[in-house]
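In: the sequence and its predicted three-dimensional model are supplied below.
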Amino acid sequence: MREKQALTTGEVAKYCGVNFRTVIRWIERGHLDAYKLPGRGDNRIPVSSFITFLQENNMPVPGDLSLGVRTLVLLADAEDFSADVASFVRRAGWEPLVTTDPIQFGFLIAEHQPGAIAVNSVAAQESVSRLMRDTEARETLYLLISRHEPEKPSRDGWLSYLWPKDQQALLAFLTGDAAA
């Protein structure tokens, strides 16, 4: 569990690489939720509100704040495809970790123990199934997100989505608005 429940404007500014006065403007304009402390009236930003703000603005969630945030690790074979999917996943409330390197992909899975693993080819899907077969990790979602209809049916336990055609179905699944 996170130790901090709220952040100062200075802490938010440091995470975002901006001046604390910019954070105050975000609060005043309603872009960032905050409350004022009694007395001096200093602003405090709830961590959950800050994480939502980062996700809505397609900004990365710092590792020390992302405990409890849903993480999806994506192995893609093309940069443009991975950027589109990552942006989409972030808007659905998940923190995407993206790579085109299979070795880094394995490292990201081991290090972050993500809530979801996504690949864009049946070959990668088979490799992940072999890799995860003997692990005792927490429950993980397995997603095949492909631009082309797969030649073979999806493996057991994997959900298959055609990109970009099935975006609404994927969004409903990731946000919990539809049954799996």
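Out: That came in fine, so what should we check first? Numbers count the residues shown, from 1 in each chain.
In: any figure for the gap between Ala86 and Phe20?
Out: Counting by CB to CB, to the nearest Å, the separation of Ala86 from Phe20 is 29 Å. For glycine as for every other residue, the C-beta is placed from the backbone atoms N, C-alpha and C.
In: what of Ser127?
Out: For Ser127, the distance to Phe20 equals 46 Å [CB to CB].
In: also Pro96?
Out: From Pro96 across to Phe20, the span is 28 Å (CB to CB).
In: swap in Ala116?
Out: With CB to CB as the criterion, Ala116 and Phe20 are 35 Å apart.
In: can you check Ala172 too?
Out: Here the distance between Ala172 and Phe20 works out to 39 Å (CB to CB).
In: check Val128 too.
Out: When CB to CB is applied, the distance between Val128 and Phe20 equals 43 Å.
In: model confidence at the residue nearest the centre of the chain, what's the number?
Out: Within the chain, one residue has its C-alpha closest to the average C-alpha position: by CA atoms, centre = their mean, that is Glu95, at 1.3 Å. With respect to pLDDT, Glu95 has a value of 84.
In: where does it sit relative to Ala169, distance-wise?
Out: Using CB to CB, we find Glu95 at a distance of 21 Å from Ala169.
In: show me what secondary structure element comes after the strand or helix carrying Val73.
Out: Here Val73, judged by DSSP states H and E, is contained in strand 71-75. Counting by DSSP H and E, the element after strand 71-75 in chain order, helix or strand, is helix 79-91.
In: now that following helix and strand 71-75, what's the angle there?
Out: Following axes from the mean of the first three to the mean of the last three CA atoms, to 10 degrees, one obtains 170 degrees for the angle between helix 79-91 and strand 71-75.
In: show me how far the helix or strand just after helix 79-91 is from its chain's centre.
Out: Toward the C-terminus, helix 79-91 is succeeded by strand 95-99 as the next helix or strand (DSSP H and E). Relative to the centre of its chain, strand 95-99 is centred 7 Å away, using CA atoms, centre = their mean, to the nearest Å.
In: got it, and stretch 88-100?
Out: From the chain centre to the centre of stretch 88-100 is a distance of 4 Å (CA atoms, centre = their mean).
In: start to end distance for that stretch?
Out: Length of stretch 88-100, first residue to last, CA to CA, to the nearest Å: 17 Å.
In: can you give me the buried ones in it?
Out: For stretch 88-100, a neighbour-count test (16 or more other CB atoms under 10 Å) marks 88-90, 92-99 as buried.
In: of those, which is the nearest to Ser49?
Out: When the buried residues of stretch 88-100 are compared for distance to Ser49 (CB to CB), Gly93 comes out closest, at 13.4 Å.
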